[in-house]
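Trainee: Need coordinates for the below:
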Amino acid sequence: TNTCPMAPFRGVSRPVMTFAIERLIDTAAIELDISPVEIRRRNLVSEFPYTTATGVPFDSGSYVETLDEAERHIDVEAFRTRQAEARKQGRYLGLGFAVFNERSGFGTPVFAQRMMDITLGYETVEMAMDPSGNVEARIGASPHGQGLKTALSQVIADELGLAPDAIRIISGDTDRTPYGWGTFASRSMVIAGGACKLAAQGLRDKITRVAARQLQTEAGEVKLVDGAARIGETGASVAMSEIARAAYHSSHLFKDDIENGLTATATYDPAGTFSNACHAVIVEVDIETGEVAIERYLSVEDAGRIINPMIAEGQVHGGITQGIANALLEEIVYDEDGNILTATLADFLVPTSAEIPEIEIHHLETINDASITGAKGLGEGGTIGAPSAVVNAIADALSPIAAAPYEMPTTPRKIRELIRAGKGTAHD
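Mentor: Numbers count the residues shown, from 1 in each chain. This is a model prediction of the structure:
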């Protein structure tokens, strides 16, 4: 059919599933006379590892902690006081929460369970240091503007004691790069990052053995820091460029120390890890027009070790923006014959800076061995949580007139229809 209700998008299927769960949670809170925060706190997983009813294992997370942080930053008690005062003035403010997780960085152990013809998942990295002491890493993953090359350079630089600008990442060239599975499912930093870390560790071992011979010490005594190999923290040192030049130009001296020159290859194929977050949103609904204005948007994220905070927050900002659009604006409309009516951007609305508020982000870091870098994926989390948080806030704003939305997008027209249907039957 040409009128499919759902298609692949950022966070494939998870925004819709989370929306259903989180709207039901808020509905249950009303029926049971429990606050939206408390009903979530009572039902969130807090002991790890945890296996779900469907057999999915959760590695450690901070589900309760992110909720607590969001509650603290948003100051629920102060908001409820302000909300009550606003209602006396005919203004409708609402507060919505959404708590969710994001499965990320899963390799063949998970994809094999799907019994597809192709089992994908691992990533391989080939790495080499040239005679000048610079490093080239060839990856199978495929960056597309999300800052992956920068973040991978940081991972490699940390292992080798180099500045990130001494690292060059090669991708997208099938003549030069190893076979890889691309960029999807919030996997690149976890899996390609893990392969980069492992390859860098292999290269580091070779570098330290060459340096140890030059410094006349044991390899275990050598540390790679600030572009040089040092004995301990303050002892004798040799520059990385000198180590590399010697390894290439005087290779006969190091035949017992290294094989195949200053190169390393590594493959990483983890079972995956779960990041998690809590979003909190304050909105104001104009009941005369159905317009929704987002007053404040808060996200408390836990994606393990944050490799590059600016890139991480950019991912969250972009995801939340897409999620807000999902909640309020973007809708494909057909006529009764299945012809699409929203065929241009004049009809299919996308958000602009005028609709998106300043997004406040707080990070927690739960680190475990499910990811060798400690990092978890967060590329899709913003889109997963935003729709339900926004619509929950709208429902809270309209609770005096029992106009509860249960579909996306919650457009002004739909809000007005809900208000007309629900007015006079408030939840008190």
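Trainee: Walk me through the domains of the chain.
Mentor: Under automatic domain parsing, the residue ranges defining each domain of the chain are 14-105+272-422, 109-268.
Trainee: Quick one: these as TSV, columns for mean pLDDT and mean neighbour count too.
Mentor: Any C-beta I mention is one placed from the backbone N, CA and C, and that applies to glycine too. Conversion of the domains of the chain to TSV gives the following (pLDDT from 0 to 100; neighbours: other CB atoms under 10 Å):
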stretch	mean pLDDT	mean neighbour count
domain 14-105+272-422	95	19
domain 109-268	94	18
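Trainee: contacting residues for Val125?
Mentor: The contact partners of Val125, taken as CB atoms under 8 Å, 6 or more residues apart in numbering, are 137-140, 178, 192, 195-196, 198-199, 265-267.
Trainee: do Val155 as well
Mentor: Gly193, Cys196, Lys197, Ala200, Ile307, Thr373.
Trainee: How far off centre is the helix or strand where Asn101 lies?
Mentor: Under the criterion of DSSP states H and E, Asn101 resides in strand 92-104. Going by CA atoms, centre = their mean, to the nearest Å, the spacing between the C-alpha centre of strand 92-104 and its chain's C-alpha centre is 15 Å.
Trainee: ok, back up a step: in strands, which of the contacts of Val125 fall?
Mentor: Assignment to strands by DSSP state E places the following of the contacts of Val125 there: Ala137, Arg138, Ile139, Thr265, Ala266, Thr267.
Trainee: Of the contacts of Val125, which is the nearest to Thr66?
Mentor: Each of those was checked against Thr66 using CB to CB; the closest is Ala192, at 26.1 Å.
Trainee: For the contacts of Val155, work out which two are farthest apart.
Mentor: Of all pairs drawn from the contacts of Val155, the one with the largest separation by CB to CB is Ala200 and Ile307; the distance is 13.4 Å.
Trainee: Could you work out the end-to-end span of stretch 84-96 for me?
Mentor: 16 Å (CA to CA, to the nearest Å).
Trainee: residues making contact with it?
Mentor: Residues external to stretch 84-96 that are found in contact with it (CB under 8 Å, 6+ apart): 26, 36, 74, 76, 79-80, 82-83, 280-287, 295, 388-400.
Trainee: What about those, which are in helices?
Mentor: In helices, defined here by DSSP state H, the members of the contacts of stretch 84-96 are 26, 36, 74, 76, 79-80, 82-83, 388-397.
Trainee: in the protein, which spans are strands?
Mentor: So, for the chain - with DSSP E - the strands run 50-51, 57-58, 92-104, 123-129, 135-139, 167-170, 222-225, 228-231, 237-239, 263-268, 273-285, 292-302, 359-364.
Trainee: Just checking: what are the partner strands of the third one?
Mentor: The reference is to strand 92-104. Based on DSSP bridges, the strands next to strand 92-104 in the sheet, each with its direction, are strand 273-285 (antiparallel).
Trainee: quick one, the partner strand and strand 292-302 angle?
Mentor: Angle of strand 273-285 versus strand 292-302, following axes from the mean of the first three to the mean of the last three CA atoms, to 10 degrees, is 160 degrees.
Trainee: who's in contact with stretch 368-375?
Mentor: Counting contacts by CB under 8 Å, 6+ apart, the residues outside stretch 368-375 that touch it are 59-60, 105, 155, 189-190, 193-194, 197-198, 268, 270-273, 303-307, 365, 367.
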